[in-house]
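Student: Dropping a prediction and its sequence here:
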Amino acid sequence: MNRRSLASRGGASLGVLGLGLCVLGGPAACGSNPEVTSGSGGAGGAGYVCDLPEAKPSSYVEQREPCADHNPLRNAYFGDLHVHTRLSFDAYADQTRVGPREAYRFAKGDPISVAPLDADGQGTQMLQLKRPLDFVAVTDHAEFLGEVLACITPGATGYDSEFCQSYRIGGPAAVQNIAIPLSSPDPKRRKELCGDDGKGCESLARDGWKTLIDAAEEAYDKTASCSFTALIGYEWTGATGVSNLHRNVIFKNDRVLEYPVTYMETPKPQELWARLECECRRAIDGCEVLAIPHNSNLSNGKMFIPEYPGTSSIEEEREQAKLRGAMEPLVEVFQHKGSSECSYEQSSNYGEVDEQCRFEQFREGMDCGDETGGLGMINSGCVSRYDFVRGALLT
């Protein structure tokens, strides 16, 4: 198995994406092409303009041995595309000390130590998979890579700040404090860590992104045995109105952005799609990428509501729908925060009742109807048919 096979087999072996494990996971806009500009009048009504011509899907660009077990009829593979490590703001505050390299080794079958931590900050429990996984993407939150590294790296600017001292104590309060900007439609970085212009965290953030890339490349088996595929990726952590709009962004190969497109600079999903299309597919030869919505069940109807922000015509709506279809061909169905497949508790839902839709429902709430709500990430607010894949498909 290799990265090309996973990308091309997405519809058959992964389908609408689901189960996974969690190993307890920017700076200024960092597109790969300096000629890319932002503004108004972008594709599908996005407030982003790409000056580069459209590009055809890239051909296979990896230099590696063919897989000895290649099956033209396709094989089933089992893995995880949503793994966090100590580089993620929430995971570190929740006592995760496993890094990307250890996470990949764990996925391959090696034991790791995890929380609770001892007095030296070392894990006191050992975990090991009964069966190694076939593929994994460590998708740490891109938004605060620099801030987290500043707070956990002795000697770094900001390490001794009151904010970082509080963050290192950990717990829910630390997560909530650092994550406050993610619920704002106009997020700002903390001046005490990143400076007045927000660029002070950029160098550390780039170091964190390079760590993620290097760890994936080191773990990826490029021999003919094709025993393990490591995919480069990250999480875009949009949470406008405290509703979950997160996406896991997965790259096909090592032709990736110089730095992720993050919520801090790009807080609208339609502009995330536009930038990935422009700065990856158009600007970098061989770069292919997709975004996978996850935990739509906590989105208060915002993930799949049939609206087209920024558009002013049916033609722009079609463009935006086409762009989303290209960038988001998969959806996460299950994880430890419940099912995003279906629910028939909402009076506004369509379709014949399926009793199995009661399986793994994470929360209850009043019906959003045809509106959207907020606060889903703190288990509050309304629940909508647009939180669920079937609800979206039946609309």
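Tutor: That came in fine, so what should we check first? Owing to the predicted nature of the structure, the values given are computational and were not obtained by experimental measurement.

Student: At which residues are the strands of the chain located?
Tutor: With strands called from DSSP state E, the chain shows them at 37-38, 48-49, 79-83, 112-117, 123-127, 135-138, 229-236, 247-251, 289-293, 334-335, 338-339.

Student: ok now the third one, how far from the chain's centre?
Tutor: Taking the mean C-alpha point of strand 79-83 and that of its whole chain, the gap between them comes to 10 Å (CA atoms, centre = their mean, to the nearest Å).

Student: May I have the strands that pair with that strand, each with its orientation?
Tutor: strand 135-138 (parallel) (DSSP bridges).

Student: What are the contacting residues of the strand it pairs with?
Tutor: 1, 6, 25, 77, 79-85, 100, 103-104, 107, 212, 215-216, 219, 228-233, 248, 250 (CB atoms under 8 Å, 6 or more residues apart in numbering). Backbone N, C-alpha and C define where each C-beta goes, glycine included.

Student: Generate a PyMOL selection restricted to the buried entries among those.
Tutor: Applying 16 or more other CB atoms under 10 Å to those leaves a buried subset, and the PyMOL line that selects it is:
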select buried, resi 1+6+25+79+80+81+82+83+84+85+100+103+104+107+212+215+216+219+228+229+230+231+232+233+248+250
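
Student: so which of the strands of the chain comes closest to Val148?
Tutor: Among the strands of the chain, the nearest to Val148 by CB to CB is strand 229-236 (13.0 Å).

Student: With just CA atoms, put that closest one into PDB.
Tutor: C-alpha atoms of strand 229-236 as PDB (Å, rounded to 0.1, in the frame of the first residue of the first chain):
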ATOM      1  CA  THR A 229       1.500   4.500   5.000                       C
ATOM      2  CA  ALA A 230       2.000   7.800   6.900                       C
ATOM      3  CA  LEU A 231       0.100  10.700   5.500                       C
ATOM      4  CA  ILE A 232       1.000  14.400   6.000                       C
ATOM      5  CA  GLY A 233      -1.900  16.400   7.500                       C
ATOM      6  CA  TYR A 234      -3.200  18.800  10.100                       C
ATOM      7  CA  GLU A 235      -6.500  19.900  11.600                       C
ATOM      8  CA  TRP A 236      -8.200  23.200  10.600                       C
END
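
Student: relative to strand 247-251, how tilted is it?
Tutor: Using axes from the mean of the first three to the mean of the last three CA atoms, to 10 degrees, one finds that strand 229-236 and strand 247-251 are set 140 degrees apart in direction.

Student: Report the inter-axis angle for strand 229-236 versus strand 289-293.
Tutor: 60 degrees.

Student: Packing partners of strand 229-236?
Tutor: On a contact count with 3 or more CB pairs under 8 Å, 6 or more residues apart in numbering; DSSP states H and E, strand 229-236 meets helix 3-8, strand 79-83, strand 135-138, helix 202-219, strand 247-251.

Student: Any chance of a markdown table for the ones you listed, columns distance to Gly374 and mean pLDDT?
Tutor: Listed next are those as a markdown table, based on distance: least, CB to CB, whole Å; pLDDT from 0 to 100:
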| stretch | distance to Gly374 | mean pLDDT |
| --- | --- | --- |
| helix 3-8 | 35 | 48 |
| strand 79-83 | 23 | 97 |
| strand 135-138 | 29 | 99 |
| helix 202-219 | 28 | 98 |
| strand 247-251 | 19 | 99 |
